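*Asks:* sequence-free structure coming up:
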């Protein structure tokens, strides 16, 4: 009897010890962001945000009593490096899930690695092909280009405009946008009357705009990231171009208004709601998390939180939710991610399902317009 | 009529871009002529001009004129330090080794600027407003007039310097024959230093006057440097009218190509011309055999 009690005591204390040890061991999460290199405008706010959110979760006691440990690597926007680092995260660091990478190129390269290792990946890049077709272990938080294009075309249709000129940058972002603009045109009854491109480092686009001015276009849609669109805005003003000018969500930050100056006035673009959080109606489910995120980011980094950082915010919070519900195994996390419904984040309201690992619809974008150096909602 | 107006606009835009290429091309040629190397850090001098001006205006709160002077002076100091630390110690290095050093220097300068001032693109306010000016059916900005004006001044100034001052003549002598110049008592080393001073000052000046139009960031120098190099090659690496014409032709061809053919081939046009000239007329478009260099 005595023996039995001792054994019970020993096993009980062992049990306690091991759970104590388990409780102390943090849950390891990997992150791959392009903090340096050409896509650093994505990677830097993403890294800042991810670290900020994880720190806050830990300060509040972690997830189900366990801390999160975020291991961040910088891909430099280089797909080869991204693959190496993904392998390192999985094999050396033994993470249960990976957040990122920041760019579509990096993400496409990393997908085979995580699929093979059965580790869930929540990408912060926007490319359609990341989740189309659906891959078992891959999710994403950035809004598809498709949705942004649809938002613009919808507005043009409402204004009974059907002839558009498109001017896209000759890099991955621009060519993906160009594909979408051309692909969806017929569906909205749009006719592309002028199709031009410019180089990411070009310093003068008056030639393209002059050509557009001579065409039948009723609106110009420009697809690029800073500084190109700002140059285009200034060139358009110089030429006295009176056509409505639409930009992509690639320039949806105050920086664009700074760069384009007076020429930004009146320009419209589809954007995540983070730009106009305080203008949203109270009924909007995203309003509360958006305002909280902006305040937090301002406090930590003395800078405006943008929707790029928001992709990382969404990824960490989605992961937190999945771990809370499904435990800390890769498979459990994956299944719970897929079961996420109605999660209101920065990028939109996420509804993942077995057939949809992108999770957002076109309500994730609002159309905004620059007025008096600030953003206004276009009704 | 519409086509005529369009073409006028293409020409004006092309001339404006071309003037910048010409300025950068000139600064390439000046160093090439005194040292025989192609300074691939030239684009970085252009970038430094813009970045330092913006820094002086926004952070140091200086008026624009003083900011420009500081930017040009600052870049010149960088050029001098670069020559002293990286070019001069390697007196007997082959031109190839020196060229590779300039590439290294360009990466270093870019990196330092990125660390100091970040990766964001920044805009400089225009010198005299943003009200477009109509001209022959085309429009241009007051800033374009600044660009044309400065380019003309620089051309006139360099003509005056290289043909009518002792230092200028000495530099020309070095470019014809370094050894002979040395023998008649010209300090070749000092002339090399002087060429770096002029060239970095010129490059940064180009950077300052285009910053209000094109904006600037740590990596803006790469493409501008290459285009300036194209202009210099077209002009046969001379620092006279050949390079200026080369720059203008390049700018106009780019703009016409983008407008009338396809904007996707804009850069391809520039580099196609570069290759063509290197193959067919390596001595430059305008040169008849071996004539004066500087």
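*Replies:* Right, received. Where do you want to start? Owing to the predicted nature of the structure, the values given are computational and were not obtained by experimental measurement. Numbering: from 1, shown residues only, chains lettered A, B, ... in the order given.
*Asks:* C-alpha only now, for contacts and for neighbours.
*Replies:* Will do.
*Asks:* so what touches stretch A:299-313?
*Replies:* A:42-50, A:52-53, A:99-100, A:124, A:141-142, A:253, A:272-275, A:293-294, A:297-298, A:345-347 (C-alpha atoms under 8 Å, 6 or more residues apart in numbering or on different chains).
*Asks:* how about the residues of the stretch 51-200 of chain A by chain B?
*Replies:* Neighbours of chain B within the stretch 51-200 of chain A, by C-alpha under 8 Å from any C-alpha of the partner chain: A:170, A:196, A:197, A:198, A:199.
*Asks:* can I get those in TSV including neighbour count?
*Replies:* Listed next are those as TSV, based on neighbours: other C-alpha atoms under 10 Å in any protein chain shown:
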residue	neighbour count
A:170	20
A:196	21
A:197	25
A:198	27
A:199	20
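*Asks:* quick one on the thing from earlier: and the contacts of stretch A:299-313, which are buried?
*Replies:* Listed as buried from the contacts of stretch A:299-313 are A:42-50, A:52-53, A:99-100, A:124, A:141-142, A:253, A:272-275, A:293-294, A:297, A:345-347; burial here means 16 or more other C-alpha atoms under 10 Å in any protein chain shown.
*Asks:* which ones among the residues you listed map onto helices?
*Replies:* Within the buried ones among the contacts of stretch A:299-313, residues falling in helices by DSSP state H are A:42-50, A:52-53, A:293-294, A:297.
*Asks:* where exactly do the helices run in the stretch 251-379 of chain A?
*Replies:* Applying DSSP state H, counting those that start in this stretch to the stretch 251-379 of chain A gives helices spanning A:254-260, A:287-301, A:307-326, A:330-338.
*Asks:* do the same with the stretch 51-200 of chain A
*Replies:* Under DSSP H, counting those that start in this stretch, the stretch 51-200 of chain A gives helices at A:79-91, A:104-117, A:145-158, A:172-185.
*Asks:* quick one, the shortest one and helix A:104-117 angle?
*Replies:* Helix A:79-91 and helix A:104-117 meet at an angle of 30 degrees, taking axes from the mean of the first three to the mean of the last three C-alpha atoms, to 10 degrees as the criterion.
*Asks:* so what secondary structure elements neighbour helix A:79-91?
*Replies:* strand A:27-33, helix A:104-117 (3 or more C-alpha pairs under 8 Å, 6 or more residues apart in numbering or on different chains; DSSP states H and E).
*Asks:* can you tell me which of these is most buried?
*Replies:* strand A:27-33 (a mean of 25; mean count of other C-alpha atoms under 10 Å in any protein chain shown).
*Asks:* got the angle for that one vs helix A:79-91?
*Replies:* 180 degrees.
*Asks:* please report how far residue A:310 lies from chain B.
*Replies:* From residue A:310 across to chain B, the span is 19 Å (C-alpha to the nearest C-alpha, to the nearest Å).
*Asks:* for that residue, grab the count of nearby residues.
*Replies:* As a burial measure, residue A:310 scores 27 neighbours (other C-alpha atoms under 10 Å in any protein chain shown).
*Asks:* picking that back up, any idea which of the helices of the stretch 251-379 of chain A scores lowest on pLDDT?
*Replies:* Ranked by mean pLDDT, the helices of the stretch 251-379 of chain A bottom out at helix A:254-260, with a mean of 87.
*Asks:* export the helices and strands packed on helix A:79-91 as JSON lines, with columns for mean pLDDT.
*Replies:* Shown next, in JSON lines, are the helices and strands packed on helix A:79-91 (pLDDT from 0 to 100):
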{"stretch": "strand A:27-33", "mean pLDDT": "95"}
{"stretch": "helix A:104-117", "mean pLDDT": "93"}
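*Asks:* looking at the ones you listed, which is closest to residue A:319?
*Replies:* Nearest of the helices and strands packed on helix A:79-91 to residue A:319, taken as C-alpha to C-alpha: strand A:27-33 at 9.2 Å.
*Asks:* now that closest one, how far from the chain's geometric center?
*Replies:* 16 Å (C-alpha atoms, centre = their mean, to the nearest Å).
*Asks:* repeat that for stretch A:35-47.
*Replies:* Here stretch A:35-47 is found 12 Å from its chain centre; the criterion is C-alpha atoms, centre = their mean.
*Asks:* how about residues contacting it?
*Replies:* Under C-alpha under 8 Å, 6+ apart, the answer for stretch A:35-47 is A:33-34, A:72, A:74-77, A:102-103, A:305-306, A:308-313, B:119-120.
*Asks:* can you pull the buried residues of the longest helix anywhere in chain B?
*Replies:* For chain B, the longest helix by residue count, based on DSSP H, is helix B:2-35. Across helix B:2-35, burial judged by 16+ other C-alpha under 10 Å covers B:5-35.
*Asks:* what angle sits between the following helix or strand past that helix and helix B:2-35?
*Replies:* Going down the chain from helix B:2-35, the next helix or strand is helix B:42-58, by DSSP states H and E. Angle of helix B:42-58 versus helix B:2-35, following the same axes, to 10 degrees, is 110 degrees.
*Asks:* where does the stretch 1-150 of chain B have low pLDDT?
*Replies:* B:1 (pLDDT under 70).
*Asks:* return the residues of it in contact with chain A.
*Replies:* Checking the stretch 1-150 of chain B against chain A by C-alpha under 8 Å from any C-alpha, the hits are B:2-3, B:6, B:9-10, B:13, B:17, B:119-123, B:130-132, B:138-141.
*Asks:* residue contacts, residue B:286?
*Replies:* For residue B:286, the contact set (C-alpha under 8 Å, 6+ apart) comprises B:234, B:235, B:236, B:242.
*Asks:* phi, psi of the first one?
*Replies:* In this case it means residue B:234. The phi/psi pair for residue B:234 (degrees, to the nearest 10) reads phi -60, psi -40.
*Asks:* how close does it sit to chain A?
*Replies:* 21 Å.
*Asks:* ok, residue B:62 - contacts?
*Replies:* Neighbour list for residue B:62: residue B:56 [criterion: C-alpha under 8 Å, 6+ apart].
*Asks:* just send the helices and strands packed on helix A:79-91 back as TSV, with distance to residue A:354 too.
*Replies:* Shown next, in TSV, are those (distance: least, C-alpha to C-alpha, whole Å):
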stretch	distance to residue A:354
strand A:27-33	23
helix A:104-117	16
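*Asks:* quick check: domain ranges of chain A?
*Replies:* Domains of chain A are assigned by automatic domain parsing as A:11-143+A:288-360, A:146-271.
*Asks:* so which of those gets nearest residue B:204?
*Replies:* Of the domains of chain A, nearest to residue B:204 by C-alpha to C-alpha is domain A:146-271, at 16.6 Å.
*Asks:* how far off centre is that closest one?
*Replies:* Worked out by C-alpha atoms, centre = their mean, domain A:146-271 lies 21 Å from the chain centre.
*Asks:* next one: stretch A:84-99
*Replies:* 21 Å.
*Asks:* leaving out sequence neighbours, find the closest residue to residue 173.
*Replies:* Looking at chain A here, since you left the chain open. Sequence neighbours aside, residue A:224 is the residue nearest to residue A:173 in space, at 6.7 Å (criterion: C-alpha to C-alpha, 6 or more residues apart in numbering or on different chains).
*Asks:* wrong chain, I was asking about chain B
*Replies:* That would be residue B:181: by C-alpha to C-alpha, 6+ apart, it lies 5.7 Å from residue B:173.
*Asks:* could you measure from the one you found over to residue A:352?
*Replies:* Note on residue B:181: its distance to residue A:352, by C-alpha to C-alpha, to the nearest Å, is 77 Å.
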